[in-house]
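*Asks:* Sequence first, then the predicted structure:
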Amino acid sequence: MSVFLKSKRTNINYLVLTLDNFTERSKSIDRFIKINIMKNITLLYLTILHLFALSLCAQKAKIARADKKYDKYAYIDAIKTYERVAKKGYESPDMYQKIGNSYFFNSELTEACKWYDLLFALTTDVDPEYYYRYAYCLKSDGQNQKAEEILKIYNEKTQNNGKGKYYVKEVNYLEKIKANSGRYKIKNAEINSKYSDYGSAFYGNKLVFTTSRDTGGLGQRRHSWNDQYFTNLYESNLTGDSLTPEKAVKFSRSVRSRFHEASAVFTKDGKTMYFTRNNYLDGKKGKNENKITLIKIYKASFVENDWTDIKELPFDSNNYRTAHPALSPDEKTLYFVSDMPGSIGESDIYKVSINDDGSYGIPVNLGNIINTPGRETFPFVSDENEIYFTSDTHAGLGGLDVFVSKINADGTFGEVQNLGAEVNSPKDDFAYLINTKNRIGFFSSNRDGGKGFDDIYQFLETKRLAPKCKPELKGTIKELASGVIIVNAKVTLYDDLHNVINSTESDENGNYSFNVDEKKTYSVRAEKDNYTPAEKTKTIQIGDCQTQLDLDIEKTICKVAVGDDLGPCFGIKWIYFDLDKSEIKPEAALDLAKILDVLNQNPSMKIDIRSHTDSRASAKYNQSLSDRRAKSTHDWLIQNGVNPNRLSSKGYGETKIINRCKNGVKCTEEEHGKNRRSEFIITAL
């Protein structure tokens, strides 16, 4: 057809062609067509590639713009750009991290979880911190089992030195939280807006709180971090015995600035106020070395019916944050939150003395009972000397949880306890405040069902949290035959791996005691000259303040000579090994410690360690196994200080069966057990 068309446009005689010429011309035309088709395909490919490159460049440009917003903490704007790019199929671990972080830093943990899901689907080669954030968000989203799996990997990567160790330490933390639950009646405080409302404080018969609500003023400005208005302080009258908040109005205009004001606390006389504000005073905005405006604590005085003389505290700095002040009952100590140098974690709770002349002491970190490698914040100290605070690292239900600890007379802290499942939820719960006279108080949360970003909730505590006792393992040491108490017996406490934890002596009444932990297993050993040592094991149950473990020791009647076996003197029949294994188990270490003690008490004694098996398995295998077990016992004693010259060892396999249980004879497990024995034959004294 193309030849016909060509000839029609040129010369009619061109139709009269020989077959050969036609065929050759046909091939030439085909080559021409193919070449042109290939050129067109190449051109199309290059065009597509160019368009893809332009699109990729455009996406990268958008990412770069989003990164700038992210670096300036404009998380809401950054999220919008990142998500638009992601919807177009662009994938990047860095982008997923930043979207997840943007939601994480705004406490939108369910959304953060979605993007961390995508991050971990793309790569697991991330900083360990992301494993913790991922687990943290999963827990908040109710995915507890997966959260525990990710947390386990985090602990492995940080060698149990990171934030996750608090969950490892509190293996039964959900049981403890359950035990502390059911003590509150909770309702929405009815002063909330669709924006963020949080952080309340008592001020006479008023409640002063923080809010980012839109009041309709022309000067309202939104913060790029979370797209909320800059916060101000509002107040509400508390009416009746139930302290019901009335309609909220703006707090004093004199403490408002162009930026954030939050977290106020007042002295009882109403004349002094401490509050949090961005680094802004007298119209001047301070910045750190990265040109970021941080937050500080300010003090104001109430003079002539208004707040005046606003000044920052002397331990404030342009280069670290101070925030969320709280006062001790005697108002001589100010508690606050900071990430100043020397902090244990991302934010710690500190205290500083307020001197009689109005000056301040040196800030002191509350230490690692309260503070963790994570965030501790929003302290409140009741007039019962209990410190309530918020943490994202002490074992909780997810998000931020509220905890309490008793402040002892010497300034130390009692055990930290989670307040339970009404105040705490899988979301962020924080800023706890209570009137101890009527047990009515307030806290803040972004839990589901609220009116806004954060809401203030009112509560009635119907049942006090039970005083937390320190579990005690105690008992009496007596002589077995007569029941006479044994004074000055050495009593040693071991953990479940037979590591020595502590030791003491029985008192004039034969009593001993040790402080221990719940849900752990301990062994107690009593010994005294001319008595055979006695040892018992006990597991401490949850809620047991005192656990009794009495021991009876028997006068030594076992006299040994060269050739005797030490084992019967201590009731040692065999050293415990796992099936087909030769490693020393903790149970075996308990008995070996007795042999070790005899060797230490008799430095000239030498022994021959003999290991025996039952008749099951082949004779060759049993011989090899007994040799390994004898050597493990031999090596354990050497590793624990016994001179190798005092020891010999040998395995005898099944060659010295002491009952009928030889090959082919059906026996009970107990009968076989009598043949699986270890002997400690005295070779020299």
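*Replies:* Happy to help now that I have it.

*Asks:* Which residues belonging to the helix or strand harbouring Gly100 are considered buried?
*Replies:* Using DSSP states H and E, Gly100 maps to helix 93-105. Neighbour counts over helix 93-105 (16 or more other Cβ atoms under 10 Å) mark 93, 95-104 as buried. Placement of C-beta: from N, CA and C, glycine included.

*Asks:* quick one: average pLDDT of it?
*Replies:* The average pLDDT for helix 93-105 rounds to 79.

*Asks:* Determine the set of other helices and strands touching that helix.
*Replies:* Other helices and strands packing on helix 93-105, by 3 or more Cβ pairs under 8 Å, 6 or more residues apart in numbering; DSSP states H and E, are helix 19-71, helix 75-87, helix 109-122, helix 128-140.

*Asks:* I'd like the buried residues of helix 93-105 written out as a markdown table, with distance to Tyr280 added.
*Replies:* Formatted as a markdown table, the buried residues of helix 93-105 follow (distance: Cβ to Cβ, whole Å):
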| residue | distance to Tyr280 |
| --- | --- |
| Pro93 | 37 |
| Met95 | 33 |
| Tyr96 | 35 |
| Gln97 | 32 |
| Lys98 | 28 |
| Ile99 | 31 |
| Gly100 | 31 |
| Asn101 | 26 |
| Ser102 | 25 |
| Tyr103 | 28 |
| Phe104 | 27 |
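
*Asks:* Any stretches of this structure with poor pLDDT?
*Replies:* 1-79, 106-107, 160-173, 214-228, 282-283, 543, 557-558, 570-582, 585-588 (pLDDT under 70).

*Asks:* Just the helices from it, written as ranges.
*Replies:* Under the criterion DSSP state H, the chain contains helices at 2-10, 19-71, 75-87, 93-105, 109-122, 128-140, 144-157, 165-169, 173-179, 586-601, 619-639, 669-675.

*Asks:* okay, now the closest residue to Lys157 other than its chain neighbours: neighbour count?
*Replies:* In this structure, Lys157 finds its nearest non-sequential neighbour in Pro128, 4.2 Å apart by Cβ to Cβ, 6 or more residues apart in numbering. By other Cβ atoms under 10 Å, 17 other residues sit near Pro128.

*Asks:* do you know how far Pro128 is from Ile153?
*Replies:* Pro128 sits 8 Å away from Ile153, going by Cβ to Cβ, to the nearest Å.

*Asks:* For those two, list the residues in contact with both.
*Replies:* Listed as contacting both Pro128 and Ile153 by Cβ atoms under 8 Å, 6 or more residues apart in numbering is no residue at all.

*Asks:* Contacts only, for His634.
*Replies:* So His634 contacts 609, 647-649 (Cβ under 8 Å, 6+ apart).

*Asks:* from these, which is closest to Gly396?
*Replies:* Each of these was scored against Gly396 by Cβ to Cβ, and Ile609 proved nearest at 50.6 Å.

*Asks:* Who are the contact partners of the closest residue to that closest one other than its chain neighbours?
*Replies:* Nearest residue to Ile609, sequence neighbours excluded (Cβ to Cβ, 6+ apart): Ser649, at 4.0 Å. By Cβ under 8 Å, 6+ apart, the contact set of Ser649 is 608-611, 630-631, 633-634.

*Asks:* what's the neighbour count on Cys661?
*Replies:* By other Cβ under 10 Å, 20 other residues sit near Cys661.

*Asks:* thought it was touching Glu671?
*Replies:* Yes - Cys661 lies in contact with Glu671 (Cβ atoms under 8 Å); the separation is 5.2 Å.

*Asks:* what's the neighbour count on the closest residue to Lys176 other than its chain neighbours?
*Replies:* Setting aside the residues directly before and after it, Lys176 is nearest to Asn418 in space (Cβ to Cβ, 6+ apart), at 6.6 Å. Residue neighbour count, defined by other Cβ under 10 Å, stands at 26 for Asn418.

*Asks:* Ok, Ala619 next?
*Replies:* Neighbours of Ala619 (other Cβ under 10 Å): 13.

*Asks:* Surely it and Ile657 touch.
*Replies:* No - here Ala619 does not reach Ile657: they are 11.2 Å apart, not a contact under Cβ under 8 Å.

*Asks:* now the contacts of His634 in CSV, with distance to Leu433?
*Replies:* As requested, the contacts of His634 are exported to CSV (distance: Cβ to Cβ, whole Å):
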residue, distance to Leu433
Ile609, 66
Leu647, 67
Ser648, 72
Ser649, 68
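
*Asks:* Which of those has the largest number of neighbours?
*Replies:* That'd be Ile609 among these, by other Cβ under 10 Å, with 23 neighbours.

*Asks:* so what's that residue bridging to?
*Replies:* In this entry, Ile609 is beta-bridged to Ser649, Phe680, by DSSP bridges.

*Asks:* when you give positions from now on, start the count at 38
*Replies:* In the new count, where the first residue is 38, that last one comes out as Ile646.

*Asks:* Now for it: which residues touch it?
*Replies:* For Ile646, the contact set (Cβ under 8 Å, 6+ apart) comprises 667, 670-671, 674, 684-687, 715-717.

*Asks:* And for Gly604?
*Replies:* So, once contact is read as Cβ under 8 Å, 6+ apart, Gly604 ends up touching 610, 714-717.

*Asks:* Taking these, please make a PyMOL selection of just the buried ones.
*Replies:* If you want just the buried ones from these in PyMOL, going by 16+ other Cβ under 10 Å, the selection is:
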select buried, resi 714+715+716+717
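
*Asks:* and stretch 636-650, how far from the chain's centre?
*Replies:* Chain-centre distance of stretch 636-650: 46 Å, with Cα atoms, centre = their mean, to the nearest Å.

*Asks:* so how far is the first residue of it from its last?
*Replies:* End-to-end distance for stretch 636-650: 25 Å, by Cα to Cα, to the nearest Å.

*Asks:* same check, this time on stretch 451-471
*Replies:* 19 Å.

*Asks:* how close does the nearest residue to Phe157 once chain neighbours are set aside get to Thr281?
*Replies:* Among residues not flanking Phe157 along the chain, Tyr171 sits closest, at 6.4 Å (Cβ to Cβ, 6+ apart). According to Cβ to Cβ, Tyr171 and Thr281 sit 41 Å apart.

*Asks:* higher neighbour count, these two?
*Replies:* Tyr171 (26 against 15).

*Asks:* The more buried one contacts Tyr153, doesn't it?
*Replies:* Yes - between Tyr171 and Tyr153 there is a contact under Cβ under 8 Å: 4.4 Å.

*Asks:* export stretch 342-349 as CSV, just CAs?
*Replies:* Taking Å, rounded to 0.1, in the frame of the first residue of the first chain, the C-alpha atoms of stretch 342-349 are listed here in CSV:
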residue,chain,number,x,y,z
ASN,A,342,-5.5,44.2,91.7
ASP,A,343,-3.3,43.1,88.8
TRP,A,344,-0.3,41.0,88.0
THR,A,345,2.9,43.0,87.5
ASP,A,346,6.7,42.9,87.9
ILE,A,347,7.0,39.9,85.5
LYS,A,348,10.5,38.5,85.5
GLU,A,349,12.2,35.3,84.4
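
*Asks:* That one: which residues count as buried?
*Replies:* 344, 347, 349.

*Asks:* any chance of these in CSV, plus distance to Ala238?
*Replies:* Output for those, formatted as CSV (distance: Cβ to Cβ, whole Å):
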residue, distance to Ala238
Trp344, 14
Ile347, 17
Glu349, 19
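
*Asks:* Nearest to Thr160 among those residues?
*Replies:* Glu349 (44.4 Å).
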